[in-house]
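In: here's my sequence, what's the structure:
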Amino acid sequence: MRVLHILNHVHEIGNGIVNVAVDLACLQAKHGHVVGVVSSGGEYEVLLASYGVKHFRLDQTRTPINLMNATWRYRKIVQEFEPQIVHAHMMTGVVLAKLLQGSSYALVSTVHNEFQRSAVLMGLADRVIAVSNAVAESMTRRGIPRQKLRVVSNGTLGSVRKRSLQDYLPKDLHKPAIVTVAGMYERKGIGEIIDAFAQIASDFSNAHLYLVGNGPDIKMFEKQAGKTPFAHRIHFEGFQSEPQSYMLSCDIFVLASHRDPSPLVIPEAREVGCAIVASNVDGIPEALDNGQAGILIPPANSTALAIALKQLLSSPELVQTWKNKAQQNLERLSVMRVYEETMATYIQLEQTSQFSLWYKSL
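Out: Here you go, the predicted structure:
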């Protein structure tokens, strides 16, 4: 099958949408499909090329003149590559692919950040992949027909972007260590994590908090941490391309997002065997087997988070229990399962499209 993926970029910056698409493109090529990626470029071009994935450079910056140029360039790419499936992962790409679709290819989109108002545009595709059941339900409420939707939950185990887990060495962290790996955005609940740590830090004088990630709100969070009496125990570690070393060393992993459709970091934390505390919102409960693999707390609630942290820090046995639970039922979190379910979606769509064309010709 000839598959063309459209993304804004392929930079290695911890963007979950890019990571999912890169994993998928490489596995498709590995299994004999002809695969291309359209984007403005980035560090993952080298990895894509190593799997035989052809990269086409396309700047989709949203200015009138640039979009006109992008339309012309995209048309040339399609004429050259002749895809059977075009898979759009971001909003500009799906609009561009729909405008020039005609009858030459079937169009698939994947909805990641459905909480964005513009995510409804992903419904322009012939088939819409939702990264969790929560996303599918949300898209249905927003008017996307159920027959268009397929759920393919995110998975990262066996990612082509990562080394084998045994190749990572634990980071030398102060113990007990509480770690989050997330973009430094307000919606990721970083403020609540800092506040919760401040509530329990006096009771656990050796505990340290490690915030792994970067983002536009980092200065605000650094200022918040600086106002607490425990600023010297709150560490801003910046973006880490391979955060597994932090997870391997942490006692408790936290993800306190206000919204999170299907975070890739949860499967990664589970594979490592972290005791996990996370928000009961969007696709997070699904990623944690509805609370069987991690402790779920209300979102945007630092008091509830502080209570959960205090319970765990008070009981090493309880921490070990949740570490063991995290590593159960991991098979469904593999990238191979994502590949297989996505290919099944393509094949079903192609068969439907071929039948439709045959029927119209009668």
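In: what's near enough to touch residue 116?
Out: Neighbour list for residue 116: residue 91 [criterion: Cβ atoms under 8 Å, 6 or more residues apart in numbering]. (C-beta placed from N, C-alpha, C; glycine too.)
In: can you pull out the strands in the stretch 101-250 of the chain?
Out: Secondary structure of the stretch 101-250 of the chain (DSSP state E, counting those that start in this stretch): strands located at 106-111, 127-130, 149-151, 177-181, 208-212, 234-238.
In: could you verify that residue 259 is part of a strand?
Out: No - counting by DSSP: H, G, I helix; E, B strand; the rest coil, one finds residue 259 to be coil, located in no strand.
In: can you pull out the helices in this structure?
Out: Using DSSP state H, the helices of the chain run over 16-30, 45-50, 64-81, 91-99, 133-141, 190-200, 218-226, 244-249, 265-272, 284-287, 302-313, 316-326, 335-361.
In: relative to residue 111, which of those helices is closest?
Out: Proximity to residue 111 (Cβ to Cβ) singles out helix 133-141 among these, at 5.6 Å.
In: which elements pack onto that closest one?
Out: Where contact means 3 or more Cβ pairs under 8 Å, 6 or more residues apart in numbering; DSSP states H and E, helix 133-141 is packed against strand 127-130, strand 149-151, helix 284-287.
In: turn the ones you listed into a markdown table, including mean neighbour count and mean pLDDT.
Out: Shown next, in a markdown table, are the helices and strands packed on helix 133-141 (neighbours: other Cβ atoms under 10 Å; pLDDT from 0 to 100):
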| stretch | mean neighbour count | mean pLDDT |
| --- | --- | --- |
| strand 127-130 | 24 | 98 |
| strand 149-151 | 18 | 97 |
| helix 284-287 | 24 | 98 |
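In: between the ones you listed, which one is closest to residue 239.
Out: Evaluated over the helices and strands packed on helix 133-141, closeness to residue 239 peaks at helix 284-287, with 21.5 Å, by Cβ to Cβ.
In: ok, and what's touching the closest one?
Out: Contact with helix 284-287 is made by 132-134, 153-154, 255, 257, 260, 262-263, 266-267, 270, 278, 291, 296, 333, as judged by Cβ under 8 Å, 6+ apart.
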